[in-house]
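Student: no sequence on hand, only this structure:
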């Protein structure tokens with residue numbers, strides 16, 4: 001398995017760039033463009049559906065299906081973010097900011 005090192009682009013970075021580029025594409029030529037053309041609410045709904053499907057496969061303990069559904073969840077998360085003009089790098093920066101902080105402490109700091 002390969003992971004991006006600092007300064008390198010990851011598959012998720014590339015996916016987000018593709019999704020962002022499809023915002024202006026013809027909805028008849030691209031599933032991503034079609035989904036984005038339906039608006040942020042539909043993108044959020046689709047993300048939710050995919051998350052539920054991933055949960056079902058996790059409960060079933062079907063690793064192959066869960067892997068596939070997890071990929072769908074990540075794709076639809078990025079579509080939802082793009083629909084609301086939230087940049088993927090901002091999400092990565094937020095994760096980096098939280099790194100090294102206890103999840104309990106981080107959650108308490110939000111309140």
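Tutor: On my side now, so go ahead. Model, not experiment: these values are computed from the prediction.

Student: going by C-alpha atoms from here, please, whenever you check contacts or count neighbours.
Tutor: Will do.

Student: what's the separation between residue 109 and residue 97?
Tutor: Relative to residue 97, residue 109 is positioned 13 Å away (Cα to Cα, to the nearest Å).

Student: just the helices in the chain please.
Tutor: For the chain, helices defined by DSSP state H occupy the ranges 11-21, 31-37, 40-60, 63-83, 88-98, 103-110.

Student: and the first one, average pLDDT?
Tutor: Taken as a whole, helix 11-21 has an average pLDDT of 97.

Student: now the spatially most central residue of the chain: closest residue in space, sequence neighbours ignored.
Tutor: Centroid check for the chain by Cα atoms, centre = their mean gives residue 77 as the closest residue, at 2.9 Å. Once flanking residues are discounted, residue 77 sits nearest to residue 47: 5.9 Å by Cα to Cα, 6 or more residues apart in numbering.

Student: cool, and residue 26?
Tutor: Counting by Cα to Cα, 6+ apart, residue 26 lies nearest to residue 33, which is 6.4 Å off, once chain neighbours are set aside.
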